[in-house]
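Chemist: sequence and predicted structure below; questions after.
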Amino acid sequence: WRGSLWGVAAGLPILMLALSTTERPAFAAGFLGATAGTLGILVAIGVAVRAIARQLPRPRRPLPRLALTALYRPGSRTVSLVVALGLGLTLFVLLASIRTSIDGNIRRSVPARAPALFALDVPPEREAEFRNTVKAVAPTARIATVPLMRGTITAYGTTRVADLQAIPDGAWALRGERGLTFASTLPPGSTLTAGRWWNGAEQRQSLVSIDERLAKALNLRIGDPLTVSVLGLERTARIASFRRIAWDTLGFNFVMVFSPGALQDVPHNLAATIDMPAVQGSAVTGALLPRFPSTSIVEVGGVLKQIQDVVGQMATAITVAAGIAVLAGIAVLLGAIAAARAARTYDAVMLKVLGATRAQVLAMQAIEYALLAAIVGMVALALGVGGGWFVVTRIFEFEWLPDWSVILATLTTGAVVTVGIGVAGTLPVLRARPSAALRAL
């Protein structure tokens, strides 16, 4: 206990330094608290293993009986071994669950066939020319256009944005200009969650449908007014519905969609998606730019590659951090083995004196570590999956899409590796000569 107190005293300044220098002390404190909680759970599991092993019936075969007895004998390092094994296996599971969930989100978020090109700022009066230019190069291309303008939210409900002391959490749409559009029908990729879409007669009214998450952040209700500034002129519309937007469809998604009567008379350009084989993208871009020099052409493939690279870098950072932690767990395991070397040397010598072979002594050690790995593996699975779920859903705000086959395979491999390291760490004990060891007692 005195050594533990010295360890805590030495670690406190480091913890205080980490909390005082980080940009997000609450997040750092939560991480450190979760780590301390995990270690506390593993210590409790180690104590419970010793107590339960003492109450279990003794196996008839000598090697399993000796391995079971080693878990609770005086001076046993069961608690230290459980902490070391548990830390390593928990991190293996945590890493696998986070990585497979991120990969699953990447695969699920990219549509099977995304548009090859986006075109922005197409003049409405030249829409037919735009379509003909694309069709001349890619006759099978599918072209979709929507009105596009830029505007800022200046008021919502009874609140003026200029009067706010701070932007509410989740109300990112209040920061700067946003893309605006108007439509007669519900856009693809949107689902109504409250209110209703405008009918033919209501299209002439000034109505708007907004993202449900923005409505929640601003505490808006159906029927509340929403004011936007477009080209320096304010337009006020009544909220008619809330929508859940599937942002990963790679189509046209707008936080605010107005009825035609609200913005149809405002000067605007068009945005277009061009769905065609990706190999034709360069040729279509080359044909459009000379005729439409003010139009911006965006290759979707390049955007997807950047998104995948960013998410991949996040996963790599997690891998590196977890890898370092796994190495720390292995170091703790080797330290626990080294601390128990004298007791294990005595056990090995006595077994040899009684006629046991090196293989039998090694088998006893392997059974002991395997028993601990089996028990700790179940705990590590629960802790690692729970931690992975929190990181994926609460920190990254992704969907929880783990690959259980990979997680279980990783846990099994990690258990085999750590048990192998533990057994390998006891090999020097087998080289002890009984005569020399007995004289040293």
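Modeler: Looks like it arrived, so ask away.

Chemist: going by C-alpha atoms from here, please, whenever you check contacts or count neighbours.
Modeler: Fine.

Chemist: part of a strand, is residue 266?
Modeler: No: if the criterion is DSSP: H, G, I helix; E, B strand; the rest coil, then residue 266 is coil and not within a strand.

Chemist: what sits against it?
Modeler: By Cα atoms under 8 Å, 6 or more residues apart in numbering, the contact set of residue 266 is residue 230.

Chemist: any idea how far it is from residue 258?
Modeler: Distance, residue 266 to residue 258, by Cα to Cα, to the nearest Å: 12 Å.

Chemist: now residue 126
Modeler: Taking Cα to Cα, one finds residue 126 at 23 Å from residue 258.

Chemist: and these two? which has more neighbours close in?
Modeler: Using other Cα atoms under 10 Å as the criterion, residue 126 and residue 258 rank with residue 258 on top: 26 against 11.

Chemist: if that one is in a bridge, with which residues?
Modeler: With DSSP bridges applied, residue 258 shows beta-bridge pairing to residue 182, residue 208.

Chemist: is it true that it touches residue 181?
Modeler: Yes: Residue 258 is within contact range of residue 181, at 6.2 Å (criterion: Cα atoms under 8 Å).

Chemist: and for residue 84, the neighbour number?
Modeler: 26.

Chemist: that one contacts residue 330, correct?
Modeler: Yes: with contact defined as Cα under 8 Å, residue 84 reaches residue 330; the gap is 6.8 Å.

Chemist: avg pLDDT for stretch 271-284?
Modeler: Throughout stretch 271-284, pLDDT has a mean value of 88.

Chemist: one more: stretch 245-252?
Modeler: 78.

Chemist: tell me where this protein has helices.
Modeler: Using DSSP state H, the helices of the chain run over 2-21, 25-55, 62-69, 78-109, 127-137, 212-218, 260-263, 281-291, 300-339, 341-353, 358-390, 404-425, 427-430, 434-440.

Chemist: wait, which of those helices is closest to residue 148?
Modeler: helix 260-263 (10.3 Å; Cα to Cα).

Chemist: run a quick neighbour tally on residue 138.
Modeler: By other Cα under 10 Å, neighbour count at residue 138 equals 18.

Chemist: pretty sure it sits against residue 282.
Modeler: No: using Cα under 8 Å, residue 138 makes no contact with residue 282, being 11.0 Å away.

Chemist: lowest average confidence, helix or strand, in the protein?
Modeler: helix 434-440 (a mean of 60; mean pLDDT, DSSP states H and E).

Chemist: hang on, the earlier thing: most neighbours per residue, which of the helices of the chain?
Modeler: Ranked by mean neighbour count under mean count of other Cα atoms under 10 Å, these are led by helix 78-109, which reaches a mean of 24.

Chemist: what is that one packed up against?
Modeler: helix 25-55, helix 300-339, helix 358-390, helix 404-425 (3 or more Cα pairs under 8 Å, 6 or more residues apart in numbering; DSSP states H and E).

Chemist: tell me the spacing between the nearest residue to residue 268 once chain neighbours are set aside and residue 20.
Modeler: In this structure, residue 268 finds its nearest non-sequential neighbour in residue 149, 5.4 Å apart by Cα to Cα, 6 or more residues apart in numbering. Distance, residue 149 to residue 20, by Cα to Cα: 45 Å.

Chemist: how about residue 31?
Modeler: Counting by Cα to Cα - residue 31 and residue 20 are separated by 14 Å.

Chemist: again, but for residue 219
Modeler: From residue 219 to residue 20 the distance is 35 Å (Cα to Cα).

Chemist: now residue 126
Modeler: In terms of Cα to Cα, residue 126 sits 59 Å off from residue 20.

Chemist: got it, and residue 105?
Modeler: 34 Å.

Chemist: swap in residue 178?
Modeler: Taken as Cα to Cα, the span from residue 178 to residue 20 is 37 Å.

Chemist: go on, residue 103?
Modeler: From residue 103 to residue 20 the distance is 34 Å (Cα to Cα).

Chemist: repeat for residue 357
Modeler: Counting by Cα to Cα - residue 357 and residue 20 are separated by 56 Å.

Chemist: and what of residue 42?
Modeler: Distance from residue 42 to residue 20, by Cα to Cα: 28 Å.

Chemist: likewise for residue 356?
Modeler: 57 Å.
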